[in-house]
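Peer 1: Kindly generate the corresponding structure for this input.
(one chain, ligands or ions: 2)
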Amino acid sequence: MYNILEAPFMKEMIDTVSNMYAHGWDERNGGNVSLLLTEEQVRDYRDINSVIRTIDIPFDAYALIGKYFLVTGTGKYFKNVKSNPAGNMGLFRIGKDGKSAELLWGYDDGGRFTSELPAHLMSHIARLSVDPDNRVVMHCHPTNLLAMTYIHDLDEKKFTHTLWEFSTECIVVFPDGVNVLPWMLCGTNEIGEATAEKMKTARLVVWAAHGIYGAGKDLDETFGLIETAEKAAEVYMKCAALPKINTIKDTELKELADFFKVTPREGFLNL
Ligand code: 13P
Ligand code: ZN
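Peer 2: Ligands and ions are numbered 1, 2, ... in the order given. Sure thing, here's the model as predicted:
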């Protein structure tokens, strides 16, 4: 059995959350990340029959029974993950009843998974139904995307169009666009269900006045997805109060999509 802190997935998770913190996306305990692992990945580092304790899951995660997740802890600060991984994250398997997490490592101080577990696990289910390679759900509070939700129409087509328009790479990185939820109470099954529904048609879901969810096949890709949207939001926020005299035209956005062989979300370009 190898040291789990040496596992490539663990190192990448620690690097990613540290980087998220460094980007200012995760003040205090803001943000949470879940990474789906295979049994083969876990087996090299943990005795999968040695369950430390079980933690109740507040909904029925039957679709994920037997699956393994590395998940940040509730109330934990991303800035502390590197110095104390086992105190700030946990690795668990979804129990046979679909309503318990069988802890195999972490949450060392008696803690538990993020309060946003419903949004994470329900989003994993939704993304896996459209892309079996999906492994990551990431939530954070990027400043400019958050700011944008206070001054921009929350209509998904309009919000997406603005992001596409304010940075050339956006339509290539997220041709599906972004979906948007109005303000809702966080940490609930309801916001989890609403997020998962939105995840069926896009890998980015903005929570108005709160933050964003991203999903992808690995940590790097998911981080890059949010980073790209946040960059466009930053450019938009710098320009929003100024007269706009240039833009990327919809014909040019189409040109980009054709050249990079991506299909923009149906009806989101005005052509
Ligand atoms: P947790 O500390 O429970 O992960 O919550 C942080 C957060 O961002 C809530 O939306
Ligand atoms: Zn949050």
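
Peer 1: what sits against the nearest residue to S167 once chain neighbours are set aside?
Peer 2: Distances taken as C-beta to C-beta, 6 or more residues apart in numbering put A232 closest to S167, at 3.8 Å, once the chain neighbours are dropped. No exception for glycine: its C-beta is placed from N, CA and C like everyone else's. Contacts for A232 (C-beta atoms under 8 Å, 6 or more residues apart in numbering) come out as 162-164, 166-167, 170.

Peer 1: Kindly identify which of those residues also come near ligand 1.
Peer 2: Counting by C-beta under 6 Å from any ligand atom, nothing from those sits close to ligand 1.

Peer 1: re the thing from before, what about the helix or strand that contains the residue nearest to S167 and ligand 1, any contact?
Peer 2: For A232, the host element (DSSP states H and E) is helix 219-239. No: on the criterion C-beta under 6 Å from any ligand atom, helix 219-239 is out of touch with ligand 1, staying 13.5 Å away.

Peer 1: Rounded mean pLDDT for that helix, please.
Peer 2: Across helix 219-239, pLDDT averages out at 99.

Peer 1: I'd like to know how many residues surround the nearest residue to F223 once chain neighbours are set aside.
Peer 2: Leaving aside its chain neighbours, F223 sits nearest to T16 (5.7 Å; criterion: C-beta to C-beta, 6+ apart). Counted with other C-beta atoms under 10 Å, residues neighbouring T16 total 21.

Peer 1: what does A147 give?
Peer 2: 16.

Peer 1: which residues sit in contact with the residue nearest to F223?
Peer 2: Contact partners of T16, counting by C-beta under 8 Å, 6+ apart, are 33, 219-220, 223.

Peer 1: Then A86?
Peer 2: Contact analysis of A86 by C-beta under 8 Å, 6+ apart lists 105-108.
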